[in-house]
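**Student:** just need the structure, nothing else, for what follows:
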Amino acid sequence: MPGSKITFDTVQEIGLALPEVVASTVYGALALRLRGKLLACKAINKSAEPDSLGVRIDFEQRDALLAEAPQTYYVTNHYVNYPMVLVRLSNVRKDEMRDLLGAAWRFVASQEKRKAKPKKRA
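**Tutor:** Model (predicted):
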């Protein structure tokens, strides 16, 4: 679709509309964080293709995305052990990115809840 290419500016616009998400950096690359935790960032590892985005997501969802749309989603050896999928921005639509960042938000928020210690009763 002409004129509909997703850029990191578009990703940032979508991400910043989510609750408590802020613009940040990671290793000098533009990133989005939820309460200090990485949500998504420009993929800067040399194994990633140019113009790719790394998005935090659980392994099950990642496997489904890789099977469903390998032309859009991929993973390299560098990222295989991390709950992250790489996205070719040239192949993803804005509505797909909105859904993906929403899933990433839920994943990061749920990780935070799991790590929280239960409060002791008085």
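
**Student:** residue ranges with poor pLDDT in the protein?
**Tutor:** 1-4, 112-122 (pLDDT under 70).

**Student:** those helices in this structure, which residues are they?
**Tutor:** 8-16, 59-68, 94-115 (DSSP state H).

**Student:** do you know which of these lies nearest residue 50?
**Tutor:** Evaluated over these, closeness to residue 50 peaks at helix 8-16, with 12.2 Å, by CB to CB. Where C-beta positions appear, they are placed from N, C-alpha and C, glycine not excepted.

**Student:** packing partners for the closest one?
**Tutor:** For helix 8-16, the packing partners by 3 or more CB pairs under 8 Å, 6 or more residues apart in numbering; DSSP states H and E come out as strand 21-26, strand 29-34, strand 37-42, helix 94-115.

**Student:** okay, buried residues for the first one please.
**Tutor:** Meaning strand 21-26. residue 21 (16 or more other CB atoms under 10 Å).

**Student:** ditto for the third one
**Tutor:** For strand 37-42, the buried set under the neighbour-count rule, 16+ other CB under 10 Å, comprises 38-42.

**Student:** centre of the chain versus that strand, how much separation?
**Tutor:** 6 Å (CA atoms, centre = their mean, to the nearest Å).

**Student:** same thing with the longest one?
**Tutor:** Centroid separation for helix 94-115 versus its chain: 8 Å, with CA atoms, centre = their mean.
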